[in-house]
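A.B. asks: please work out how this folds:
(2 chains)
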There are 2 protein chains.
Amino acid sequence: MKRGEIIAVGSELLIGGRLDTNSLFLSERLGALGIEVRFKSIVGDSEDDIVAVLTTAARRVDIVILTGGLGPTSDDRTRQAVARAVGRPLRRRAEAFAGMSARLAAWGRTPTVAQLKQTLIPSGADVLTNPVGSAPGFSLQWNGSFIAVLPGVPREAEAMFEAAVVPHLVGNGTRNDTRIERRLLHTLGLFESDLDRQLSDLMKTHRSIQLGLLASPLGVTISLMTSVTPTRTALLDGLVQAVKRRLHRHVYAEGSETMEEVVGRELAKRGMTLALAESCTGGLIGHRLTQVPGSSGYFDRGVITYSNQAKHEVLGVPLALLRRYGAVSSHVAAAMAKGVRLKSCTDIGLSVTGIAGPGGGTAGKPVGLVYIGLDAKTPGLSSRQPLTEEFRFHGDRHTIKMRSSQAALNMVRLWLADMAIHPRP
Amino acid sequence: MKRGEIIAVGSELLIGGRLDTNSLFLSERLGALGIEVRFKSIVGDSEDDIVAVLTTAARRVDIVILTGGLGPTSDDRTRQAVARAVGRPLRRRAEAFAGMSARLAAWGRTPTVAQLKQTLIPSGADVLTNPVGSAPGFSLQWNGSFIAVLPGVPREAEAMFEAAVVPHLVGNGTRNDTRIERRLLHTLGLFESDLDRQLSDLMKTHRSIQLGLLASPLGVTISLMTSVTPTRTALLDGLVQAVKRRLHRHVYAEGSETMEEVVGRELAKRGMTLALAESCTGGLIGHRLTQVPGSSGYFDRGVITYSNQAKHEVLGVPLALLRRYGAVSSHVAAAMAKGVRLKSCTDIGLSVTGIAGPGGGTAGKPVGLVYIGLDAKTPGLSSRQPLTEEFRFHGDRHTIKMRSSQAALNMVRLWLADMAIHPRP
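C.D. replies: Predicted structure coming up:
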């Protein structure tokens, strides 16, 4: 199994806080090609620092993919740094200029003086044409390592990787019989330590498979990874099935699937529709449901009733109920779910009311107290309607909103699963 | 200026796709303490790889902050790797056990066998008590570098850094006369290349200040960074003012402030309230507004009217209008904004209708076509009401939703700014 490293260049990246889509894509694709990404490095726009990181990477891995710092602006130093690290001068290259001019011409433009800088390529390197942008990339061999240098813009990095890097990696026999396979199982309702304990005997009988656990406000994701040969795939598949059987209803999705996709798929399968009444989640559940293409087929409408007045006017929650139990109560969650379902004539009404904090908590009703309500046209297993559930979440405002939205969608998922097992006429 | 490196441990982090909150916080805090973060490394749970990364880091920087891999589960290898890298054996430490027991006791629990593993600390290292969780950290000096090892959970890493690492860094004279200062200006409506051109003369007269540009669906963020002494701070402040004057209304926020915070602050200042009618954004604007603590003071309610039926029933959009112009039209955006304002009795009604894709586009109304409407009780500069604006966004479904939500909030911001300059009775 060959070893890979991804290097992202850009001073802005050092301050973090950004979703790193390049490395997500690159490590998945490299894994599928039989290259295990072992390291990822982030470095600023300092030429010296880029040289240091590239030199270390080329020493410890076989394949280095570097992204970013190829732009026309004054802070882009990757080109110079790579040339210095590998000891080859930069030369203006005709192929690079031709590719850039053709791309710009299609947009009705010609290269600017600043953009001409982008046609400087280390001598002896292969020019990589940019299929969707104007900045060319390049690749070269150095001290036994293959180095590819791609733009930082995700769409461009992805297109160039597929068009120009993959053929090289495959052509040079990097693809071999073993490759990395990874399975992800997303769970809700169990702690990392619970999972570690519940799975320990299974992992002991599957020594070649590596277990990883990753907790987030959306639950704990189980990663099962191994380098596979035809026989080992069967082993991985068997373990996945065993884990799913053991954790049962706690596994809500697999692979890249999300809770909102699972809920959407199950609603669509049954031809059922949903309406939302959100309070403390403020629109997050609607946002998540509508991230899924085709969600207009089952998601009719949502209301965000932040004020008591809105809960009364829009959903018909009795003012007496709001006064007696408070907006954050199972009674109000039930009335909201029923109200939104009746107003919208959907099959299911789902509601959330809670205290996201940091203010608004009391001793009796602390920050993190959340009630979820579900009301359905066709009652489920229980004739008790609407269903309500109480949660006490920890964390900051964003975390409590995320956990609440996840718990609410999960309540729909479980309700639909029970319907499938015990259908009602 | 001392040099720093942040190392994040965890195989899950190598597949990317996660928001890295630890490094965001750590680089800001380290910068304020006079330590410039020059490198960031991500490494899996392999002991050999952690040893390699730590050894490289200790060679090239003065301060290494390592997070993650301190948990009780079998894939947590940081403790062993650090001990091996620095050549000191792991020892069960009484202070580590005491801190853990006290924390667990507060939660009514006692340490499990797996958790006891977490009290193993390299000999001679200082134990760092975890102020909010049970896992202890540690710090040590090695070959002239200071190394701190913190848990991966952001809340715990942050609390431990403040409580135990900062005093050490300050106490050991790390803080000196120069420190890194960075200013961020968030812009909307200009491309990176526009900004680079518009700012080039200013940057030429401020050679000691480093410019960085970072594009995202929320706009382009300008980063201005320099190592400051008392005189250089004035220089940075002067440049920030010059850039703001030049870019004028395009700068919507500074530093860590977000668009939703700016809009919320301006609404609160005027005692005005807002109601939302969202279609293609599906709740995202409501979610963003309610991320801000205290948003219940100005955000009354929102409706997510995904179906035409809901637009008609909930907002009173005439069916004839929907039939004649289609749901994605300036006429319907206007009617939605007016409808939600009247129904909710708020000062401002804000609406979005568009095609987020990937399906649903036609030649005349392509994916990315979005209309935003704003209707106010007190008309603004223009007596034309409601205001509407047409946008044509590029990108995938998520990007189009993000850009739409940003443009809609920006429309409120600009409307409020105009009101401030030309108040109406």
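A.B. asks: so which strand or helix has the closest residue in space to residue A:143 that isn't next to it in sequence?
C.D. replies: Distances taken as C-beta to C-beta, 6 or more residues apart in numbering or on different chains place residue A:58 nearest to residue A:143, at 5.7 Å, with adjacent residues excluded. In short, each C-beta sits where N, CA and C put it, glycine included. Assessed by DSSP states H and E, residue A:58 sits inside helix A:47-60.
A.B. asks: the residue in the stretch 51-200 of chain A that chain B sits nearest to and residue B:75, how far apart?
C.D. replies: Shortest the stretch 51-200 of chain A-to-chain B distance, computed as C-beta to the nearest C-beta: residue-wise this is residue A:196, at 4.1 Å. To residue B:75, residue A:196 is 9 Å away according to C-beta to C-beta, to the nearest Å.
A.B. asks: same question for residue A:210.
C.D. replies: Distance of residue A:210 to residue B:75, computed by C-beta to C-beta: 7 Å.
A.B. asks: shared neighbours of those two, which are they?
C.D. replies: Common contact partners of residue A:210 and residue B:75 (C-beta atoms under 8 Å, 6 or more residues apart in numbering or on different chains): residue B:11.
A.B. asks: list the contacts for residue A:225?
C.D. replies: A:180, A:181, A:182, A:183, A:209, A:210, A:212, B:11.
A.B. asks: turn these into CSV, including neighbour count, pLDDT and distance to residue B:169.
C.D. replies: Formatted as CSV, those follow (neighbours: other C-beta atoms under 10 Å in any protein chain shown; pLDDT from 0 to 100; distance: C-beta to C-beta, whole Å):
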residue, neighbour count, pLDDT, distance to residue B:169
A:180, 19, 70, 39
A:181, 17, 78, 43
A:182, 19, 79, 38
A:183, 17, 86, 42
A:209, 21, 88, 41
A:210, 19, 82, 35
A:212, 20, 79, 32
B:11, 23, 79, 29
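A.B. asks: which of the three states applies to the residue nearest in space to the middle of chain A?
C.D. replies: In chain A, the residue lying closest to the centroid (C-alpha atoms, centre = their mean) is residue A:256, at 7.5 Å. Look at residue A:256: counting by DSSP: H, G, I helix; E, B strand; the rest coil, its state is coil.
A.B. asks: what's across from the nearest residue to it once chain neighbours are set aside in the sheet?
C.D. replies: Nearest residue to residue A:256, sequence neighbours excluded (C-beta to C-beta, 6+ apart): residue A:184, at 7.6 Å. Legend: beta-bridge partners of residue A:184 under DSSP bridges are residue A:223.
A.B. asks: so how many other residues sit close to residue A:184?
C.D. replies: 19 (other C-beta atoms under 10 Å in any protein chain shown).
A.B. asks: how far off centre is stretch A:27-40?
C.D. replies: Centroid separation for stretch A:27-40 versus its chain: 17 Å, with C-alpha atoms, centre = their mean, to the nearest Å.
A.B. asks: quick one: buried residues of that stretch?
C.D. replies: A:27-31, A:33-40 (16 or more other C-beta atoms under 10 Å in any protein chain shown).
A.B. asks: quick one: average confidence on that stretch?
C.D. replies: What stretch A:27-40 shows for mean pLDDT is 85.
A.B. asks: what do you get for stretch A:255-272?
C.D. replies: pLDDT averaged over stretch A:255-272 gives 94.
A.B. asks: equivalent analysis for stretch A:393-401, please.
C.D. replies: 88.
A.B. asks: where does residue A:41 sit: helix, strand or coil?
C.D. replies: Under three-state DSSP, residue A:41 comes out as strand.
A.B. asks: which SSE is immediately downstream of the helix holding residue A:58?
C.D. replies: Counting by DSSP H and E, what follows helix A:47-60 is strand A:63-67.
A.B. asks: just the angle between that following strand and helix A:47-60, please?
C.D. replies: 160 degrees (axes from the mean of the first three to the mean of the last three C-alpha atoms, to 10 degrees).
A.B. asks: show me what from the stretch 251-400 of chain A comes close to chain B.
C.D. replies: Residues of the stretch 251-400 of chain A lying close to chain B (C-beta under 8 Å from any C-beta of the partner chain) are A:276, A:278, A:280-291, A:293-296, A:299-307, A:309-310, A:314, A:343-344, A:356-359, A:395, A:397-398.
A.B. asks: pLDDT weak spots in chain A?
C.D. replies: Applying pLDDT under 70 to chain A picks out residues A:15-21, A:171-179, A:230-232, A:380-383, A:422-425.
A.B. asks: got the contact list for residue A:190?
C.D. replies: A:198, A:220, A:247, A:250.
A.B. asks: oh, that last question was meant for residue A:79, not what I typed.
C.D. replies: A:69, A:70, A:90, A:117, A:118, A:120, A:121, A:122, A:149.
A.B. asks: now it: which helix or strand?
C.D. replies: helix A:78-86.
A.B. asks: how distant is stretch A:328-339 from the center of its chain?
C.D. replies: Per C-alpha atoms, centre = their mean, the centroid offset for stretch A:328-339 relative to its chain is 32 Å.
A.B. asks: ignore what I typed, I meant stretch A:181-195.
C.D. replies: Remark: stretch A:181-195 is offset 16 Å from the chain centroid, using C-alpha atoms, centre = their mean.
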